[in-house]
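# What shape does this take:
(chains A and B)
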Amino acid sequence: MAEPLTESQENEGKVLALPASGSAVERALQEMEHVYAFFFVRVGNRPDAEDLTQMVALKSLSRLRDDAPSPSIRGYLFTTARSVLAGFWARRFGLPEDELGDNLASSFQSFGPGDGAAVERVGRILAQLPENYRRVLELRFLRGYSLKEVAAEMATTTGNVKVMQLRALRAAARLGEGPDGL
Amino acid sequence: MDSEQREAERVDRAVHALLKGRRPRLGAKDAASRDVLMTAAALVGARHPFPGLSPDLRRRLSRAFERTAPGEGVVTRRAALAAAVTFGAGLGGAAAFAFLRREDEQPSPTYRPQVTEIVPKEGVWLDVGALADLPDGQPVRVTAGAVTAFVIREGESVRALSGVCTDLPCLLEGGADQLVCPCHRVAFDLQGHAQSRYALPALPSVRVQVVDGRVEVLGT
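You can find the predicted model right below:
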């Protein structure tokens, strides 16, 4: 069930500036860009992020009719987005939403406007990892190295890289559980 | 292969899909690895450059919002719910927005004789309200049996237009200065002329009269 919003979550709606002019449609579209960004940094792929954005759009059509979007509409969009995201993960993993409690709490962390803050957060978490874990995640995720390339770079086998990747992700996940987490 | 290796293989398959920009195929077997998988998704999600909304989705969202902008007509709750149900059935984004795509369809090419006025065979004058209750110049939708019409008061007289779209058989909805079809992106001005990308017959008129301050429409 919905948890009370943290201050950062409430501010999420107020921080983003709205354009002074532009039709209601343009403003609605801009809202959806923000909703899409919210989803993308959490699900990590465009097809899922777009599906989830469409779900929020469908649920918010009548709200977005207003000629003058206000922070309350932004808050409504993000409340809806969180609920949609919770349902998404629950369906993907075949779990009831209450079992996802901790995962959702960290997933709902506000990153602030844009994706710059998300990148910083990733950097902070990586910096706290043991060197070899940090290296495998950096090479694979941030530099886009293939398994073979990571294995060559770290002088090991692809099998070992996969296991290191798993352990590194576990360590990052644990680090991410705090208020500054992923 | 031990269980950690098996998990590492499964997780790597998901990571590979994400790095290629695809949805990872996840199921109940992955529930135990959800911390790891959600972290992987967040790592990929934090990468640069950040892919924005695709042009295709932007277009579809624009169309959906245009139909809900004030004065341009509304998506009926029924249509929106239908879309939501379609989406909920897991058919994915494309199907959910199928109802938006009707505007790209052309009307059927069969010939339709021009109907300029609706005169029911055994028409009956039906009271639809008091003249005094009608706002001047604004269309008000009324029903007179099988006839749905928009009554427009102009001073002390009234006129009426058919309330059915001349393209798809949908009941029009009244805006301030036009009548809009909720089924697709067509509008008619208050003279009944269609404003759409393709030619459509004008709305036929409906007979209306004022008797003792009461408005009557010829219906069934």
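# So the residue nearest the centre of chain A: helix, strand or coil?
By C-alpha atoms, centre = their mean, the mean C-alpha position of chain A lies nearest to A:R42, the distance being 2.3 Å. At A:R42 the chain is in helix, as set by DSSP: H, G, I helix; E, B strand; the rest coil.
# Can you verify my assumption that it contacts B:G45?
Yes - proximity of A:R42 to B:G45 meets the contact threshold set by C-beta atoms under 8 Å, at 5.9 Å. C-betas here are computed from N, CA, C, even on glycine.
# Output the top helix by length along chain A as PDB, restricted to C-alpha atoms.
Scanning chain A for the helix with the most residues, using DSSP state H, yields helix A:71-93. What follows is helix A:71-93, C-alpha atoms only, in PDB (Å, rounded to 0.1, in the frame of the first residue of the first chain):
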ATOM      1  CA  PRO A  71       2.400  21.200  -8.600                       C
ATOM      2  CA  SER A  72      -0.600  19.100  -7.400                       C
ATOM      3  CA  ILE A  73      -0.900  17.600 -10.900                       C
ATOM      4  CA  ARG A  74       2.800  16.800 -10.900                       C
ATOM      5  CA  GLY A  75       2.400  15.200  -7.500                       C
ATOM      6  CA  TYR A  76      -0.600  13.100  -8.800                       C
ATOM      7  CA  LEU A  77       1.500  12.000 -11.800                       C
ATOM      8  CA  PHE A  78       4.300  10.700  -9.600                       C
ATOM      9  CA  THR A  79       2.000   9.100  -7.100                       C
ATOM     10  CA  THR A  80       0.400   7.300 -10.000                       C
ATOM     11  CA  ALA A  81       3.800   6.400 -11.400                       C
ATOM     12  CA  ARG A  82       4.900   4.900  -8.200                       C
ATOM     13  CA  SER A  83       1.800   2.800  -8.000                       C
ATOM     14  CA  VAL A  84       2.200   1.700 -11.600                       C
ATOM     15  CA  LEU A  85       5.900   0.800 -10.900                       C
ATOM     16  CA  ALA A  86       5.000  -1.300  -7.900                       C
ATOM     17  CA  GLY A  87       2.500  -3.200  -9.900                       C
ATOM     18  CA  PHE A  88       5.000  -3.700 -12.700                       C
ATOM     19  CA  TRP A  89       7.700  -5.200 -10.400                       C
ATOM     20  CA  ALA A  90       5.100  -7.300  -8.600                       C
ATOM     21  CA  ARG A  91       3.900  -8.800 -11.900                       C
ATOM     22  CA  ARG A  92       7.400  -9.300 -13.200                       C
ATOM     23  CA  PHE A  93       8.500 -11.300 -10.200                       C
END
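# Can you spell out which helices and strands pack onto it?
helix A:7-15, helix A:24-43, helix A:46-60, helix A:101-107, helix B:34-45 (3 or more C-beta pairs under 8 Å, 6 or more residues apart in numbering or on different chains; DSSP states H and E).
# pull the helix or strand with minimum mean pLDDT from chain B.
Least confident helix or strand of chain B, by mean pLDDT, DSSP states H and E, is helix B:92-96 with a mean of 40.
# I'd like the next helix or strand past it.
Following helix B:92-96 in sequence order, the next helix or strand is strand B:117-118 (DSSP states H and E).
# Only the buried residues of the helix or strand just after that following strand, if you could.
Counting by DSSP H and E, the next helix or strand C-terminal to strand B:117-118 is strand B:124-130. Neighbour counts over strand B:124-130 (16 or more other C-beta atoms under 10 Å in any protein chain shown) mark B:126, B:128 as buried.
# same check, this time on stretch A:135-146
Buried residues in stretch A:135-146, counted by 16+ other C-beta under 10 Å: A:135-142, A:145.
# how many neighbours does B:V211 have?
Residues near B:V211, counting by other C-beta atoms under 10 Å in any protein chain shown, number 10.
# bridging residues for it?
Judged by DSSP bridges, the bridge partners of B:V211 are B:R214.
# Look up how far B:D127 lies from it.
Between B:V211 and B:D127 the computed distance is 9 Å (C-beta to C-beta, to the nearest Å).
# thinking again about what came up before, can you tell me which of the helices and strands packed on helix A:71-93 is packed in deepest?
Mean neighbours per residue, mean count of other C-beta atoms under 10 Å in any protein chain shown, is largest over the helices and strands packed on helix A:71-93 for helix B:34-45, with a mean of 25.
# ok, and what's touching that one?
Helix B:34-45 is contacted from outside by A:40-45, A:89, A:93, A:95, A:100, A:103, A:107, A:115, A:118, A:122, A:137, A:141-142, A:166, A:169-170, A:172-174, A:176, A:182, B:11, B:14-15, B:18-19, B:24, B:26, B:30, using C-beta atoms under 8 Å, 6 or more residues apart in numbering or on different chains.
# Got a quick ChimeraX command for the buried subset of the residues you listed?
To isolate the buried members of the contacts of helix B:34-45 in ChimeraX, using 16+ other C-beta under 10 Å:
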select /A:40,41,42,43,44,45,89,93,100,103,107,115,118,122,137,141,142,166,169,170,172,173,176,182 /B:11,14,15,18,19,24,26,30
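# Find the nearest non-adjacent residue to B:L203, please.
Leaving out its chain neighbours, the residue that sits closest to B:L203 by C-beta to C-beta, 6 or more residues apart in numbering or on different chains is B:G192, at 3.6 Å.
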